[in-house]
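> build me a structure from this.
(chains A and B)
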Protein chains: 2
Amino acid sequence: MSKPTPISGFPEWLPPQRMIEQYVLDRIRTTFELYGFAPLETRAVEPLDQLLRKGETSKEVYLLRRLQEEAGGPAGDSGLGLHFDLTVPFARYVLENQGKLQFPFRRYQIQKVWRGERPQEGRYREFLQADIDIVDRDTLPAHHEAELPLVIGDALGGLPIPPVLIQVNNRKVCEGFYRGIGLTDPDAALRAVDRLDRVGPDQVAELLVGTAGATPEQAKACLALAGISAPDASVADEVRALGVEHPLLDEGLAELVAVLETAAAHAPGLCVADLRIARGLDYYTGTVYETQLRGYERFGSVCSGGRYDNLASSGGTSFPGVGISIGVTRLLGLLFGAGELTVSRSVPTCVLVAVPDEAHRPEINRIADQLRRRGVPTEVSPSAAKFGKQIRYAERRGIPYVWFPGADGAADEVKDIRSGDQVQATPDGWTPPAADLRPVVG
Amino acid sequence: MSKPTPISGFPEWLPPQRMIEQYVLDRIRTTFELYGFAPLETRAVEPLDQLLRKGETSKEVYLLRRLQEEAGGPAGDSGLGLHFDLTVPFARYVLENQGKLQFPFRRYQIQKVWRGERPQEGRYREFLQADIDIVDRDTLPAHHEAELPLVIGDALGGLPIPPVLIQVNNRKVCEGFYRGIGLTDPDAALRAVDRLDRVGPDQVAELLVGTAGATPEQAKACLALAGISAPDASVADEVRALGVEHPLLDEGLAELVAVLETAAAHAPGLCVADLRIARGLDYYTGTVYETQLRGYERFGSVCSGGRYDNLASSGGTSFPGVGISIGVTRLLGLLFGAGELTVSRSVPTCVLVAVPDEAHRPEINRIADQLRRRGVPTEVSPSAAKFGKQIRYAERRGIPYVWFPGADGAADEVKDIRSGDQVQATPDGWTPPAADLRPVVG
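So this is what the prediction gives:
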């Protein structure tokens, strides 16, 4: 068999990178649970009609087909596709299980998603997302929109990575403003403004005229709104200085200011209002979030989301929600690519127990057992080679300690192979320094 | 939108079940790491030729196709399928990354796999597996085959589930025996014996005659071997009493006895030799494992694997390995179905902070922050409803404590809503009993 090669867009990490990923995921999960979010996983597949509900994504979906599809046509699994985010499956799950859930329902979900996109830097076909959402029945208070950035700030703030900046906008601000200046298709205007970073203001102005029915003056006003950015309540003054009035604009500005003030009280510098943030997807109806990793702004958002009112409804009941999603693979991919994030060893093992000869392996196993029972990750040497070779086995993996069983009644000894220090020890008494017990991510 | 319905074969848990699953996975992962296995994840997809290498599985594979596959035929992603186990992807990963890995390489891998099977009780189309494997370059000592059952015994033994019994056989015993009685196609004989539980001895005898070229006497000998079961070294005596001689048989019996004796020293009652265990897949070459959950034997194996010598090789280098895989979804599915396994609450939250009125939400948030910083999972009440309603919010979720902020300079109080006890407390001083901090799985 020839050596296999990677598949573009389907990243795989080496074990030390996976150890870092797990460390990051543990931190994220612990933070989500500290805020009372319950864990959830949904199946990887959804019916195609569910996946296509929100539009504009049809080209991204991977469909499934059984290799030996049963004869007889469209039954079988041919209507299933892999989910491309965790929000659409979550909305479906809430509808399906509404009678068994307590509302408001706070859940987190950490899973792979798939998109059949052309791979490019920072874009993957398979990647890991970590989402939190809060949904309620019929109504959802806006204070939840102020809470989610705090959770993300805590989750990512505790990691050895550059600080993040969460950019916030509110769809009501945009729609109220667009309506206030007389535009009748605010969705089209929003989609045009959403392209600002990619195509620049001149082309966005053309799009606003061509697709949203704007006059050149209206287009100019939309661009003026998109140019506003402020870290605090002054954002409302800047918007009002543009002289546009609409009740939805007032509502949106009040919500936007509440998000900024809550963030300032909890984590100064975490959030900024940036009114160019549009989020292309149609389903957002209130606050929207994007997140830059400072120093890596050119890679785009590593954490996005927003408020949605119409994603899930059935039988006259709607389930408004707000959610935010950390792009874990994107975040790690760019940090690994930049040489950031390291781990102190490539295995969980803290102690390698040396084997003087194969006949003694049963007793050696008992030493390892005693260490493990006390929580010390321990391997037994795979061979009874010369001790120098067994020490090199540990060295190559970064295992800090090698345990030498005492022969003929002599005491066991344990060696810190970094310093060379060797001391007498018993497997039911010796404990490594806390800093050596687990691999350290830095 | 109408209420969605489940898709057969794609199980989804409710949040309390997912909390139990995470508890189980944490225990498994912690145990794997205590034994020095490094974490790994592989992509969900493999090239179809990789997936079909080991034969007999073609009907189970889900193929991928992009919804808008680019014109021009067989390029695109049309050659990709979802992995149906974690062993084939692991073998591919080892070949692909052989220059970057340290051998012997011990890894664990906990991921979903997919099979396009017709769903039935205990059989899923999407399910979670937790695998450990040890691979080395060129040779792999047999003592690793004795080590893996101990890891599984420790991982599952610490859970509040019925005890497991690991049934062990060795392909060399079967092949040596079959060759010793003069059969020339031991693989065909093994495949026939593999059907013993499903079709019974008479039909297996017919299969042995019809497909493995056995005489009726040889078929009878094969069935006699398959009937042997023993918890210790006496298994070798029982096999030798059948009067068959072959060097491979001797080698296999020595390995089988070593597995049993290692297990007996570590965990009496964990392993038993059962010579009917064949494992249908072709790639095993030494020890094979299956695992029964006591009291649930009729559901089949919840943890299987074995030694393989020929799964991965390239450029004259082979990578023999041994692995074992816990069927997590199957295990949980049958225990949930039987009403086993419970969790003490349906959310991670330990404390709900009551909100007397919305104007005080910023101060209430600070109380919650202080508790979280000290590791206490805390939610703030979503509404400033009457306290009775806020207490019911906690009750319905099993949250044990409700925190009442003191008004007008009065001290805060915290109430255990199970006992009704209410005491004065400060958010930087109060700590719940350790047993209440996290949900308890029992």
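
> would you mind listing what in the stretch 201-350 of chain A touches chain B?
With Cβ under 8 Å from any Cβ of the partner chain as the criterion, the stretch 201-350 of chain A comes near chain B at residues A:262, A:265, A:266, A:312, A:313, A:314, A:315, A:346, A:347, A:348, A:349. C-beta: built from backbone N, CA, C; applies to glycine.

> same thing but at 6 Å, please
Contact residues of the stretch 201-350 of chain A with respect to chain B, defined by Cβ under 6 Å from any Cβ of the partner chain, are listed as A:265, A:314, A:347, A:348, A:349.

> count of neighbours near the residue nearest to the fourth one when sequence neighbours are not counted?
In space, and not counting its chain neighbours, residue A:348 is closest to residue B:33: 3.8 Å by Cβ to Cβ, 6 or more residues apart in numbering or on different chains. As a burial measure, the neighbour count of residue B:33 was computed by other Cβ atoms under 10 Å in any protein chain shown and equals 22.

> for residue B:33, grab phi and psi.
Note on residue B:33: backbone dihedrals following degrees, to the nearest 10 are phi -70, psi -30.

> pretty sure it contacts residue A:377?
Yes - using Cβ atoms under 6 Å, residue B:33 is in contact with residue A:377, at 5.5 Å.

> anything in contact with each of those two?
Here residue B:33 and residue A:377 have residue A:348 as joint contacts, going by Cβ atoms under 6 Å, 6 or more residues apart in numbering or on different chains.

> please identify the buried residues of the strand or helix carrying residue A:149?
Using DSSP states H and E, residue A:149 maps to helix A:143-157. Burial within helix A:143-157, assessed by neighbour count using 16 or more other Cβ atoms under 10 Å in any protein chain shown, is assigned to A:143-156.

> the lowest-mean-pLDDT helix or strand in chain A - contacts with which helices or strands?
Counting by mean pLDDT, DSSP states H and E, the weakest-scoring helix or strand in chain A turns out to be strand A:313-314, with a mean of 84. Contacts of strand A:313-314 with other secondary structure elements, assessed using 3 or more Cβ pairs under 6 Å, 6 or more residues apart in numbering or on different chains; DSSP states H and E, are absent: no helix or strand is involved.

> quick check: neighbours of the helix or strand that it is followed by in the sheet, parallel or antiparallel?
Heading C-terminal from strand A:313-314, the first helix or strand you meet, by DSSP H and E, is strand A:317-318. Strand pairing for strand A:317-318, determined by DSSP bridges: strand A:313-314 (antiparallel).

> in contact with residue A:414, which residues?
Applying Cβ under 6 Å, 6+ apart, the residues contacting residue A:414 are A:401, A:403, A:425, A:430.

> does it sit in a helix or strand, and which one?
With the criterion set as DSSP H and E, the secondary-structure element containing residue A:414 is strand A:413-416.

> buried stuff in the next helix or strand after that strand?
Using DSSP H and E, the helix or strand that follows strand A:413-416 towards the C-terminus is strand A:422-424. Applying a neighbour-count criterion of 16+ other Cβ under 10 Å, one finds nothing buried in strand A:422-424.

> and strand A:422-424, how far out from the chain middle?
Using Cα atoms, centre = their mean, to the nearest Å, we find the averaged C-alpha position of strand A:422-424 to lie 44 Å away from the chain's own average C-alpha position.

> near chain B at all, the next helix or strand after it?
On the C-terminal side of strand A:422-424, the closest following helix or strand by DSSP H and E is helix A:434-437. No - among the residues of helix A:434-437, none lie within reach of chain B under Cβ under 6 Å from any Cβ; the closest is 10.8 Å away.

> in space, what's closest to the residue positioned nearest the centre of chain A - neighbours in sequence excluded?
Within chain A, the residue whose C-alpha comes closest to the C-alpha centroid is residue A:326; the distance, by Cα atoms, centre = their mean, is 2.4 Å. By the measure of Cβ to Cβ, 6+ apart, the closest residue to residue A:326 outside its immediate chain neighbours is residue A:130, 4.3 Å from it.

> what's the pLDDT at the one you found?
In this prediction, residue A:130 carries a pLDDT score of 98.

> what's the angle from the host helix or strand of it to helix A:143-157?
Following DSSP H and E, one finds residue A:130 within strand A:126-135. Calculated by axes from the mean of the first three to the mean of the last three Cα atoms, to 10 degrees, strand A:126-135 forms an angle of 140 degrees with helix A:143-157.

> helices and strands around strand A:126-135, which ones?
Going by 3+ Cβ pairs under 6 Å, 6+ apart, strand A:126-135 lies up against strand A:105-114, strand A:321-327, helix A:328-337.

> residue A:316 - how many residues pack around it?
By other Cβ under 10 Å, 6 other residues sit near residue A:316.

> which stretches of the stretch 151-300 of chain A have low pLDDT?
Residues of the stretch 151-300 of chain A meeting the criterion pLDDT under 70: A:281.

> for the residue in it that chain B sits nearest to, what are its contacts?
Among all residues of the stretch 151-300 of chain A, residue A:265 sits closest to chain B, at 5.9 Å; criterion: Cβ to the nearest Cβ. By Cβ under 6 Å, 6+ apart, the contact set of residue A:265 is residue B:362.

> what about it, distance to residue A:170?
Distance check for residue A:265 against residue A:170: by Cβ to Cβ, to the nearest Å, it reads 19 Å.

> over to residue A:348?
Relative to residue A:170, residue A:348 is positioned 45 Å away (criterion: Cβ to Cβ).

> compare the two (neighbour count), which wins?
When residue A:348 and residue A:170 are compared on other Cβ under 10 Å, the one with more neighbours turns out to be residue A:170, at 31 against 28.

> wait, the more buried one touches residue A:255, no?
Yes - look at residue A:170 against residue A:255 with Cβ under 6 Å: they come within range, at 5.4 Å.

> now stretch A:354-362: buried residues?
Neighbour-count burial for stretch A:354-362, counted by 16+ other Cβ under 10 Å, picks out A:354, A:355, A:356, A:361.

> how about the residues of the stretch 51-200 of chain A by chain B?
Proximity of the stretch 51-200 of chain A to chain B is confined to A:58-59, A:61-68, A:92, A:95-96, A:100, A:102, A:104, A:116, A:126 under the rule Cβ under 6 Å from any Cβ.

> if we go to 8 Å?
With Cβ under 8 Å from any Cβ as the criterion, the stretch 51-200 of chain A comes near chain B at residues A:58-68, A:77, A:80-82, A:92-93, A:95-98, A:100-102, A:104, A:106-107, A:112, A:114, A:116, A:125-126, A:136, A:141, A:143-144, A:147, A:154.

> got a ChimeraX select line for the buried ones in these?
Those of these that meet the burial criterion (16+ other Cβ under 10 Å) are gathered into one ChimeraX selection, given here:
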select /A:60,61,62,63,64,65,66,67,77,80,81,82,92,93,95,96,97,98,101,104,106,107,112,114,116,125,126,136,141,143,144,147,154
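
> which residue ranges of chain A form helices?
A:15-34, A:48-51, A:87-96, A:143-157, A:171-180, A:186-193, A:196-212, A:216-226, A:234-240, A:247-266, A:328-337, A:361-373, A:387-397, A:434-437 (DSSP state H).

> need the residues that contact the last one.
In this structure, residues lying in contact with helix A:434-437 by Cβ atoms under 8 Å, 6 or more residues apart in numbering or on different chains are A:350, A:375, A:376, A:377, A:400, A:401.

> tell me what the residue lying closest to residue A:3 once chain neighbours are set aside is bridged to.
Taking Cβ to Cβ, 6+ apart, and ignoring the residues beside it in sequence, residue A:3 has residue B:314 as its nearest neighbour in space, at 5.1 Å. Beta bridges link residue B:314 to residue B:317, judged by DSSP bridges.

> and residue B:314, how many neighbours?
Other residues near residue B:314 come to 15 when the count uses other Cβ under 10 Å.

> cool, the one 5 residues further on as well?
Neighbouring residues of residue B:319 were enumerated by other Cβ under 10 Å; the total is 25.

> spatially nearest residue to it, not counting backbone neighbours?
In space, not counting the residues next to it along the chain, residue B:319 is nearest to residue B:312; the distance is 4.3 Å by Cβ to Cβ, 6+ apart.
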